[in-house]
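>>> need coordinates for the below:
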Amino acid sequence: MKYAQATEEFSLRAFVLGCLLSAVLGAANAYLGLFAGMTVSAAIPAAVLSMGLMRAVGGTILENNLVQTAASAGESAAAGAIFTLPALLMMGSWSSFPWLTCCLLVGVGGVLGVVFTTLLRRPLIVEGQLPFPEGVATAQVLLAGHRKYDRAQAGAQPAHLRALLTGSAVGAVFKLLESGLGLFQASLGTATRVLGGSFYLGMSTSPALLAVGSIVGLRIAALVCVGGVINWLGIVPWLTDGAQGGDIAAAAFTTWSKKTRYLGVGAMSFCGLYTLFDLRGTIRRAVLDGAHQLSSSLEHPRDRESDLPFSWLLCGVVGCAAILTWLFSSYLPALWMSLLVVLAVIIISFLFCTVAAHMAGMLGSSNNPVSGVTIATLITIAFILRALGIDAQLGAMTSIIVGSVVCTAAAIGGDNVQDLKAGHILGASPIRQQLAQLGGIVAAALVLGPVLQVLSDSYGFGEPSAAHPHALLAPQATLMASVARGMFGGQLPLGYIGAGVALGATFALVDAALKWSKVGFRAPPLALSLGLYLPLELSTPVFLGGLAAHVVTRSASKTAAEQDVTSSLLLSAGLITGEALLGVILAGVVFVVGSIQGLHVLSASASLTAAYVMWTWWLLTRNLELMGSRGGVC
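Just a heads-up that it's a prediction; the model follows:
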C-alpha cells in the first residue's frame, strides 16, 4: 500500500534541512571512516532526525522522506572522498586538499551516481525483486513515526511503534557499550592450526548486521556466508604458512588482506559485467523509455512515477565529462588522452553503479563494496595509462583521482536506490527525490574538502609518527595508495585478481544454470563474490540474522502474516536505527573531544556469551512480537 496523499513533499524547509544534515552527517562520517575504516548508513538516522526536527512545524511524511533522501547523500559522498583522496597526500602527489578540486571530484561522482541510478530505478525497484533492506526499513520507520497516515490499522500501530523503539534502544545501548565504553569487543574470533594451515572463525557483535540478515532473508545471507567460507576456510588456510610462530589470527588476516581479498575484487568485477548482461533487457527498456521523455519537464511531469527527464540526465553526463576533461587536461600531456580517460570514467561508473545498486538492493548500502569497486577501477585505469606511456608518478595520481570519482558514484548509487525504494513504498515522487539527492551531494561536496584539510592538519593520515602521534589510520586510503603504486611498480597480486575472475565466472555459470533449469531458485553471483571480499566476521552475523528470520517466519501464523512481517521488520529496523544513530553521535563526540577511552573490561569469552545471549533474546523477542500480534503479549 502506498501512502501518497495530497500532502506537501518538495518544500523549501525540507530541502534546506536535508542539505544541512547532509553536510553534518558527511563531516561526521568522514572522521569515522578515517578513524575506524567504516562509515555508518545515514538513511535511517536521517529519517529519525528529520521527524524530530520537523515535528514542531508539522512536517508531512513525504517531507520527512525528502529530508532523509538529501541527508543520506552526505554519508555516501564522504565514503567516496575518504577512501581515495587522502591517498594523494600519502603518495606525495598533493600537499593539501584544494577545495575546488575536491568539490568538483566529489560533485561529479555524485551526479554520475544519481544519473545512472535514475536509469536503473525502474528495472531494479519497480520491476525487480531485490529486498532493499535499508530502503524498506526507512519506509517503515517513517510510517511508524507518522501513524496518522495509516488510520485503517490504527490498532496495530502501538505494537509496531513499540517494536521500533525496542529495537532502537537495544541497538543504541549495545553500540554505546561497545564503541563508547569498550565493555564489549566489536568482533570475536578464534584461530587454530590444522594440517599446517591457519583457520580463523570470527563474528562481529553488531546487532545491525543481525538485522540486515533478517531483512534480506536466509537465501542471500547464506550465499554471502558461503562466499566467506570458501575464502576463509578453504583458500586462506591453504595459503597461510601455519608453521610460522606468532598470532595465528593475524597471519590469516594478513593472507586475506594481501592476497585473497583480491579474489573478491576480481569476482565482483566479472559478476558486475554478468549482472549488466543479465539485465540488458530491462536496462535497454529504461534507456528507451528515457529517450521518449526528452520533452518532459519538472513543471509538467507525467505522473508521480516520473524520473528526471532523459535530457537532464544526458546534460548531466556531458557536463561531468566536460569538467573532468578540464581537470585531466591540466596535467596530462595530450587532450586526446584526457578524453580517453574521461570515456573510461563514464563507462566504469555506469558498470559499478549497477554493481553497487544490486549489492545495496541485496544487503543494504552499509555493505556496499565501494573499496572493492575502487580497487577494480584503479587496476583498469592503470592498465590504460601504462598503455599510453604515462610515467609512474603521474599514472598513480591519475588513477586515484579517477578512483575518487567512481568510488563516489558507486557509494551514491548504492545509497540512492535505498532512498528511491523507500519513496516507492511511500508513494513519493521519484523526480523530487532525485533533485533532493543532487542537493545533498552539492552540500556534502562543499564541506568535505575543508573537513579533510582540518583532519590532516590536526591528526595526519596513515601510520603514527613523531609529528602526528595520533594519526588517523585511513585504512582504505592506505590500501588505494598501495594499489596505485603497485600497478606502476609491479607489486600488485594480479594473479589473485585473475583467479577471482575465474571464480566469478564459475558463480555466474551456476546462476545461469539455475535460471535455465527453472527450479525457482537463483544464486546471485554478486552475493557470493561479496562474501569472498568481506571479512568472515561480517558475513557470519548476517547469516545468523537470516537464519533467525527463517525460523520465525516458519513459526508465524498464515492468518497474521502481514502483521507478523511488519512487527519483525520494525524490530530489525530499530536495531539498525539505534546503532547507526549512536555511531553518528559517537563520531561527533570523538571529533570534538579527540578520543573516547573505553574500559575494555570483558574478556573475549564474556563478549561471546553476551553476543549469543543477545541473539537469543532478539529471536525470542521477535517470537513474542508475533504472539502479541496474534493475541496480545505485546
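>>> C-alpha from now on. contacts and neighbour counts both.
Fine.
>>> so, low pLDDT: which residues of the stretch 351-500 of the chain?
Low-confidence segments of the stretch 351-500 of the chain, defined by pLDDT under 70: 362-369, 463-470, 472-473, 475, 490-491.
>>> go through the protein and flag its longest helix.
Secondary structure of the chain read by DSSP state H shows that its longest helix is helix 392-426.
>>> which residue comes closest to Leu176 once chain neighbours are left out?
Leaving aside its sequence neighbours, Leu176 sits nearest to Leu582 (CA to CA, 6 or more residues apart in numbering; 6.7 Å).
>>> tell me which element the one you found falls in.
Leu582 is part of helix 561-593 when elements are defined by DSSP states H and E.
>>> coming back round to it: my read: the residue nearest to Leu176 touches Lys175, true?
Yes. Under the criterion of CA atoms under 8 Å, Leu582 makes contact with Lys175 at 6.4 Å.
>>> between the two, tell me which one has more neighbours.
Using other CA atoms under 10 Å as the criterion, Leu582 and Lys175 rank with Lys175 on top: 27 against 22.
>>> tell me the confidence at the more buried one?
We have a pLDDT of 74 for Lys175.
>>> going on from the helix or strand it falls within, what's the next piece of helix or strand?
Applying DSSP H and E as the criterion places Lys175 in helix 157-175. Sequence-wise, the next helix or strand downstream of helix 157-175 (DSSP H and E) is strand 187-194.
>>> which elements pack onto that following strand?
Helices and strands touching strand 187-194, by 3 or more CA pairs under 8 Å, 6 or more residues apart in numbering; DSSP states H and E, are strand 197-204, helix 248-255, helix 536-555, helix 604-631.
>>> return that strand as PDB; C-alpha atoms alone will do.
C-alpha atoms of strand 187-194 as PDB (Å, rounded to 0.1, in the frame of the first residue of the first chain):
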ATOM      1  CA  SER A 187      34.200  -8.600  16.900                       C
ATOM      2  CA  LEU A 188      35.000 -12.100  18.300                       C
ATOM      3  CA  GLY A 189      37.300 -14.600  16.700                       C
ATOM      4  CA  THR A 190      39.300 -17.700  17.300                       C
ATOM      5  CA  ALA A 191      42.100 -19.300  15.200                       C
ATOM      6  CA  THR A 192      43.800 -22.600  15.200                       C
ATOM      7  CA  ARG A 193      46.400 -24.500  13.100                       C
ATOM      8  CA  VAL A 194      45.200 -27.600  11.300                       C
END
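>>> in that strand, which residues are buried?
Applying a neighbour-count criterion of 16 or more other CA atoms under 10 Å, one finds 187-188, 191-193 buried in strand 187-194.
>>> closest to Ile230 among those residues?
Nearest to Ile230 among the buried residues of strand 187-194 is Ala191, at 16.3 Å by CA to CA.
>>> the stretch 401-550 of the chain: helices as residue ranges?
With DSSP state H, counting those that start in this stretch as the criterion, the stretch 401-550 of the chain has helices at 430-458, 475-489, 494-517, 525-533, 536-555.
>>> mean neighbour count, the ones you listed: which tops it?
Neighbour counts (mean count of other CA atoms under 10 Å) averaged over each of those peak at helix 525-533, with a mean of 29.
>>> hmm, who's touching that helix?
For helix 525-533, the external contacting residues (CA atoms under 8 Å, 6 or more residues apart in numbering) are 220, 223-231, 260-265, 267-268, 271-272, 355, 359, 362, 369, 372, 504, 507-508, 511, 539.
>>> ok, now with 6 Å
223-225, 227-228, 231, 261, 264, 267-268, 271, 507-508 (CA atoms under 6 Å, 6 or more residues apart in numbering).
>>> among those, which are in strands?
Counting by DSSP state E, these place none of their members in strands.
>>> now the two most distant members of those residues.
Spanning the widest gap among these are Arg261 and Ala508, at 19.1 Å by CA to CA.
>>> and the closest residue to Leu503 other than its chain neighbours, how many neighbours?
Leaving aside its sequence neighbours, Leu503 sits nearest to Ala267 (CA to CA, 6+ apart; 6.0 Å). As a burial measure, Ala267 scores 31 neighbours (other CA under 10 Å).
>>> now do the contacts for Ala267.
Counting by CA under 6 Å, 6+ apart, Ala267 touches 500-501, 504, 529.
>>> pLDDT score for it?
Taking Ala267 on its own, its pLDDT is 83.
>>> which stretches of the stretch 151-300 of the chain have low pLDDT?
Using pLDDT under 70, the stretch 151-300 of the chain drops low at 151-164, 179-186, 189, 191, 195-197, 215, 241-246, 272, 275-276, 278-300.
>>> same thing but at 80, please
151-217, 220, 240-250, 257-258, 265, 268-269, 271-300 (pLDDT under 80).
>>> which elements pack onto whichever strand or helix holds Glu134?
Here Glu134 sits within helix 133-145, counting by DSSP H and E. Judged by 3 or more CA pairs under 6 Å, 6 or more residues apart in numbering; DSSP states H and E, the packing partners of helix 133-145 are helix 392-426.
>>> mind checking pLDDT for Leu17?
Looking at Leu17, its pLDDT reads 88.
>>> could you report the separation of the residue lying closest to it once chain neighbours are set aside from Ile248?
Ranked by CA to CA, 6+ apart and with sequence neighbours excluded, the top spatial neighbour of Leu17 is Val67, at 6.4 Å. Distance of Val67 to Ile248, computed by CA to CA, to the nearest Å: 47 Å.
>>> more neighbours: the two, which one.
A direct count of neighbours by other CA under 10 Å for Val67 and Ile248 places Val67 higher, at 35 against 22.
>>> contacting residues around the helix or strand containing the more buried one?
Using DSSP H and E, Val67 falls within helix 61-82. Residues from elsewhere that reach helix 61-82 (CA under 6 Å, 6+ apart): 9, 14, 18-19, 21-23, 25-26, 29-30, 42-43, 46-47, 50, 404, 407-408, 411-412, 419, 436-437, 440-441, 444.
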